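**Q** requesting a structural model of the entry that follows:
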Amino acid sequence: MSVAELRRIVLFRHAKADWPQVTDHERPLAERGRLDAAEAGRRLTDTGIPFDLALCSTAVRTRETWKLAVHEFPHRPKTVYEERIYEASPGELIAVLNETPDDAQNVLLIGHNPGVQGLAEILSGSAEGDARERMSRRGFPAAAFAVLSFSGTWKTLEPGVATLLDYWAPSE
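**A** Okay, the predicted model is just below:
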């Protein structure tokens, strides 16, 4: 694979979490979150992107979101549970993505706000259609995802180099 090939990143915020008396890291999904996670999985499948790698926060709600979403996929990509994604800033998320092996062309990152939304905004130097307007209008609610593309190696991923191709959020 040429390192200049088009790469895709999907930034996926965990689905709606519940608020039981547990630490933030241990918060599970709410019932609505479980439904939205499965719907997001179907929508991710509809993109036709064959994911090579999923990078998932270690928080309970992100792991549950991923388990429900990936159940809808035709094949399960390699999954890495990464502690650094939990409470990460956009810059910290870029650092994690910069470590991605170049044989991974399509990567899904399952994380948290405000980092995921900030990263989508920072990376996208351009956008197709009305994706940016829809993302700006809706924000990045639970279970939303943004699809971005860029050319180059993962080490060259930096602010402004990607194109926002699509955005999806569950209806309120």
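
**Q** if I look at the residue located most distally from the centre of the chain, how far off is Arg27?
**A** Within the chain, the residue lying farthest from the chain centre (Cα atoms, centre = their mean) is Gln21, at 26.9 Å. According to Cβ to Cβ, to the nearest Å, Gln21 and Arg27 sit 10 Å apart. (C-beta placed from N, C-alpha, C; glycine too.)

**Q** again with Phe145
**A** Taking Cβ to Cβ as the measure, Phe145 falls 20 Å from Arg27.

**Q** what about Gly111, how many residues nearby?
**A** Gly111 has 26 neighbours, counted by other Cβ atoms under 10 Å.

**Q** that one contacts His14, doesn't it?
**A** Yes. With contact defined as Cβ atoms under 8 Å, Gly111 counts as touching His14 (7.2 Å).

**Q** and for the two, which residues touch both?
**A** Shared contacts of Gly111 and His14, defined by Cβ atoms under 8 Å, 6 or more residues apart in numbering, comprise 57, 62.

**Q** that's a strand at the residue farthest from the centre of the chain, yeah?
**A** No. Going by DSSP: H, G, I helix; E, B strand; the rest coil, the assignment for Gln21 is coil, not a strand.

**Q** for the remainder of this discussion, apply numbering that starts at 559.
**A** In the new count, where the first residue is 559, that last one comes out as Gln579.

**Q** what pLDDT does Ala562 get?
**A** Per-residue pLDDT puts Ala562 at 67.

**Q** next: the one 5 residues further on.
**A** What the model reports for Ile567 is a pLDDT of 98.

**Q** check contacts around it.
**A** 655, 664-667, 681, 705-708, 715, 720.

**Q** rerun that using 7 Å as the cut-off
**A** 655, 665, 667, 706, 720 (Cβ atoms under 7 Å, 6 or more residues apart in numbering).

**Q** so the second one makes contact with Leu613?
**A** Yes. Using Cβ atoms under 7 Å, Val665 makes contact with Leu613 at a distance of 6.5 Å.

**Q** so where is the protein shaky, pLDDT-wise?
**A** Scanning the chain for pLDDT under 70 picks out the ranges 559-562, 730.

**Q** can you map out the helices along it?
**A** Shown for the chain, the helices assigned by DSSP state H span residues 589-604, 618-628, 648-656, 673-681, 689-696.
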